[in-house]
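1. attaching a predicted model along with its sequence, questions to come.
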Amino acid sequence: MYRVMIVDDEPLILAGIASLLNWEEHGCTVGARCANGQQALRQMEEQKPDIVITDIKMPGMDGIELMKQVKDKGWDDVIFILLTNLEEFSLARQAMSLGAVEYLVKMELTEDKLADSLKAAVARREMKRKAEAADTVMARSEEDILKEYIEGLLIGRGEMVNGDGTGIGRDVDIRADVDTWGNADTRADADTRVNADTRADADRTASGTIPVFREPIMAIISFNYGYEGFSSDFTREDQKKVISFAENIIGQMVKGYFDHSCLVRRELISLVLVVSAEGMPDYREQMRSLGEKIISVVKDYFEVSVSVHVSTRKESLEDFGELLYEAMSAANHYFYCFADPVVFYSAECETSARHTASFHIGFLKKDLSQAVAMNDSAALEGILDQVVCLLKENNPSRQQAVNACANLYFFLASFFEEGEEEDFPYEVNIMEKLGRLGTLGQIIQWINWFKAAVSSILERRRDTRVDKIAEMVREYVMEHYKERITLGQVAEALNISQGYLSTAFKKQSGESFTSYVSAIKIEKAKELIEGHQYMMYEISDLLGFDTPFYFSKVFKKVAGISPKEYEAQCLKQKKL
C-alpha cells in the first residue's frame, strides 16, 4: 500500500478528501492529516508518505514552500498533488516546476478527478521505484535511447540510469487523449499536466553517453483534418496510415536540416519533434523552412493540413518542461489565430493561454427545445449563431470548445431518434471526429454545417408535418385532469416557455389552453354526475377545482347550465 498524507488548513477539506475515495481500491491508505506545511514536514520524518496531497495556500508554511523543503531534504521519492481555490497560472507553473504530478481546483474536485490524479501519482511513484532498482540498461542505438527517453518524458515514464545504477531523469506527464492533444491546451488546462522535475546529466546511459543534446528546441506538428476527418470514407485506420507514413517522411526530412533530432508520435493527431540547434544562430529560419516543407509535403501526399508550433531554444533537455509548455502555447495560439501555420512561441502566445475558467451553453437548451418543438429554423439558426459569438468572445480552451460542440450535438440529436430523420447527421464517434478539428475556425465551420443540416430538417417538418405541441398538451391534460392544471405547470413539464405554449396551442388547436382544460374537466364531471355516485362537492375535489362554487361557475360557462340542472336532466332522461 502507498501511504498518503493530506495537508490543508480547512478541516472540512481534510475530511472531505479523506472520505471521497475508497483508498484501498487504489492501493493506498491515508495516514496523517495536517493543517499546514510545518506540521506536515514534522510528520513526514516519522510516517515517510509516498504521496502528499496539499493545498497551495496555507498559513505558516504553504504548499510551495513545503515542496521546496522536501526537495532540499533529498526526499525525491515523495509525489505531490497540489490543491487550490483558484486557477492561478503562476502558482500552477511553479508547482509543476517543483515536481507536482497534478494541480487540481478544489471547486471542481470530483471523485473521478481525484482518482485520476492518484492513479498518476501511483504510476509516478512506481516508476521511480523501478528506476531506483534498475541495475543495467540494455545496449541500444543512440537514436533509440533518445527516442525512448523523450517518449518517457512525454508520458511520465522517462527512465534513465547511469553507470552506477542511480536513476536520472525528468518526467513530463501529458495525460491528453485524441480530443485534447493535437492543438494542446496550455498548462493551465486540467487535462494537461507538465512536470519539470529534472536531475542533472539526463543524457547519460549505462552503455555510454548519447550525443550531448545541447540547445534543444521543440516543435509540435499538428494534423488538422478538418472536414476530411468527418468523411464517412475516412476511418480511424486511414488516420493511422496517414500519421504513420507522415512520421516516416518527416523523420527523413528533418535529417536534412538538423544533425541531432528525435521524432515521437502522440496519438493520431500530432508528432513531437525535438532537435538540437547548437551553434545555429539562424535556427528560426531553419525551423520555418522545415515547417513550410512539412506542411507542403503532407498536403501534397495526404491532402491533410498541418501546423507546426515551435518553442524557443533552451540550454538542455533539463528544460524539457519549458520546451513542452512553449510549444503547446504556440499550438494553442494557432487554434485561435490560425493565420501562419508555422508558429513560434512569443509573449503573444501567453494571451491565448489564458482561457475562461468555464464555458457553458446549457442556458440555451430551453430556447433550442422551443425552436425544435415549433420547427422554427430561424430561431435555431439564431441560437447557434449565438454559440459562435460566445466562442469568439470568451476565449475557451480547445477542449472546452470541443465539449460545447459535443453537448450541442447530443442535445439536438435527442430530438431525432436514430433512423427517424435520414437527413440528420448521426455520428457514432462524434467526440473523436470533433477532436480532429484543429482550429477555432474549423470548429465554427462545423457549427455552421450542423446548423444548416438541422435547419433544413426543421423547415421540411414545418412544411410537411403537423406540430406536436397541441398533441403533447392534450396527452398531459388527459393524464392529469384530476389535478389542478396551470399553464406554467404544463410549460415546465414540456420544457418550453408559457408564452410560447399558449400561442402555439391556440394556433394549432383553435382554442385557448384554459378553455381546453376546462372543457376536459367538465366532460369528466358530466360522466361522474351521470353515475350518481358522488355529491357535487366530491366531484369538485376529484377534478382538482379549488372550491365547489368555482366548479359550478366553470361548469355553467362550458355546459350552459349548472351541475344541479345537468343532474336533473340526467334523472329525467333516465325515467323516460
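-> Received, thanks.

2. where does this structure have its least confident helix or strand?
-> Considering only helices and strands, the least confidently modelled element of the chain by mean pLDDT, DSSP states H and E is strand 167-168, at a mean of 27.

3. can you list the neighbours in contact with the longest helix along the chain?
-> Counting residues, the longest helix in the chain under DSSP state H turns out to be helix 440-464. The list of residues contacting helix 440-464 from outside it, by C-beta atoms under 8 Å, 6 or more residues apart in numbering, reads 224, 226-227, 230, 335-336, 338, 371-372, 375-377, 380-381, 384-385, 387-388, 391-392, 398, 401-402, 405, 408-409, 412, 416, 421, 423-425, 434, 437. All C-beta spots, glycine's among them, are computed from the backbone N, C-alpha and C.

4. so for it, mean pLDDT?
-> Here helix 440-464 scores 85 as its mean pLDDT.

5. centre of the chain to it, how far?
-> Going by C-alpha atoms, centre = their mean, to the nearest Å, the spacing between the C-alpha centre of helix 440-464 and its chain's C-alpha centre is 23 Å.

6. which residue ranges of the stretch 251-400 of the chain form helices?
-> Shown for the stretch 251-400 of the chain, the helices assigned by DSSP state H, counting those that start in this stretch span residues 283-302, 320-337, 347-353, 365-373, 377-394, 398-413.

7. least confident of the ones you listed, on average?
-> Per-stretch mean pLDDT for the helices of the stretch 251-400 of the chain is lowest at helix 347-353 (a mean of 70).

8. can you list the weak-confidence ranges in this protein?
-> Applying pLDDT under 70 to the chain flags residues 86-93, 97, 131-142, 155-212, 226-234, 351-357, 417-421, 428, 463-467, 576.

9. are any of the contacts of helix 440-464 buried, and which?
-> 224, 226, 230, 335-336, 338, 371-372, 375-377, 380-381, 384, 387, 391, 398, 401-402, 405, 408-409, 412, 416, 421, 424-425, 434, 437 (16 or more other C-beta atoms under 10 Å).

10. quick one: buried residues of the longest helix of the chain?
-> Applying a neighbour-count criterion of 16+ other C-beta under 10 Å, the buried positions in helix 440-464 are 440-444, 446-447, 450-451, 454-455, 457-458, 461.

11. mind putting these into JSON lines with distance to Ile79?
-> Putting those into JSON lines (distance: C-beta to C-beta, whole Å) gives the following:
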{"residue": "Leu440", "distance to Ile79": "36"}
{"residue": "Gly441", "distance to Ile79": "40"}
{"residue": "Gln442", "distance to Ile79": "38"}
{"residue": "Ile443", "distance to Ile79": "36"}
{"residue": "Ile444", "distance to Ile79": "41"}
{"residue": "Trp446", "distance to Ile79": "40"}
{"residue": "Ile447", "distance to Ile79": "41"}
{"residue": "Phe450", "distance to Ile79": "43"}
{"residue": "Lys451", "distance to Ile79": "47"}
{"residue": "Val454", "distance to Ile79": "48"}
{"residue": "Ser455", "distance to Ile79": "52"}
{"residue": "Ile457", "distance to Ile79": "52"}
{"residue": "Leu458", "distance to Ile79": "53"}
{"residue": "Arg461", "distance to Ile79": "56"}
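
12. among these, which one lies nearest to Val297?
-> Compare each of the buried residues of helix 440-464 with Val297 using C-beta to C-beta and the shortest gap goes to Gln442, at 21.1 Å.

13. got the angle for the following helix or strand past the longest helix of the chain vs helix 365-373?
-> Using DSSP states H and E, the helix or strand that follows helix 440-464 towards the C-terminus is helix 469-480. For helix 469-480 against helix 365-373, the angle by axes from the mean of the first three to the mean of the last three C-alpha atoms, to 10 degrees is 110 degrees.

14. list the buried residues of helix 469-480.
-> 469-470, 472-473, 476-477, 480.

15. same check, this time on stretch 45-54
-> Of the residues in stretch 45-54, those buried by neighbour count under the rule 16+ other C-beta under 10 Å are 49-54.

16. go on, stretch 296-313?
-> Neighbour-count burial for stretch 296-313 [16+ other C-beta under 10 Å]: 298, 302, 304-313.

17. so how far is that stretch off the chain centroid?
-> The chain centroid and the centroid of stretch 296-313 are separated by 26 Å, computed with C-alpha atoms, centre = their mean.

18. tally of neighbours for Lys524?
-> Residues near Lys524, counting by other C-beta atoms under 10 Å, number 16.

19. residue contacts, it?
-> Applying C-beta under 8 Å, 6+ apart, the residues near Lys524 are 481, 543.

20. just to be sure, it is in a helix?
-> Yes. Checked against DSSP: H, G, I helix; E, B strand; the rest coil, Lys524 lies within a helix.

21. how close does it get to Phe555?
-> The gap separating Lys524 from Phe555 is 11 Å, by C-beta to C-beta, to the nearest Å.

22. related to what we said a few turns ago, closest to Leu66 out of the helices of the stretch 251-400 of the chain?
-> Of all these, helix 320-337 sits nearest to Leu66, with 20.1 Å by C-beta to C-beta.

23. now the closest one against helix 377-394, angle please.
-> Computed by the same axes, to 10 degrees, the angle between helix 320-337 and helix 377-394 is 140 degrees.

24. can we start the residue count at 421 from this point?
-> Okay, residue one is now 421; in that scheme the one you just asked about reads as helix 740-757.

25. chain center to helix 740-757: distance?
-> 19 Å.

26. return that helix as CSV; C-alpha atoms alone will do.
-> Taking Å, rounded to 0.1, in the frame of the first residue of the first chain, the C-alpha atoms of helix 740-757 are listed here in CSV:
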residue,chain,number,x,y,z
PHE,A,740,12.0,19.8,-21.2
GLY,A,741,9.0,21.1,-19.3
GLU,A,742,9.5,24.7,-20.6
LEU,A,743,10.1,23.4,-24.1
LEU,A,744,6.8,21.5,-24.0
TYR,A,745,4.9,24.4,-22.4
GLU,A,746,6.1,26.8,-25.0
ALA,A,747,5.3,24.5,-28.0
MET,A,748,1.9,23.8,-26.5
SER,A,749,1.3,27.5,-26.0
ALA,A,750,2.2,28.2,-29.6
ALA,A,751,-0.2,25.4,-30.7
ASN,A,752,-2.9,27.0,-28.6
HIS,A,753,-2.3,30.4,-30.1
TYR,A,754,-2.7,28.9,-33.6
PHE,A,755,-6.0,27.4,-32.5
TYR,A,756,-7.4,30.9,-32.1
CYS,A,757,-5.5,32.9,-34.8
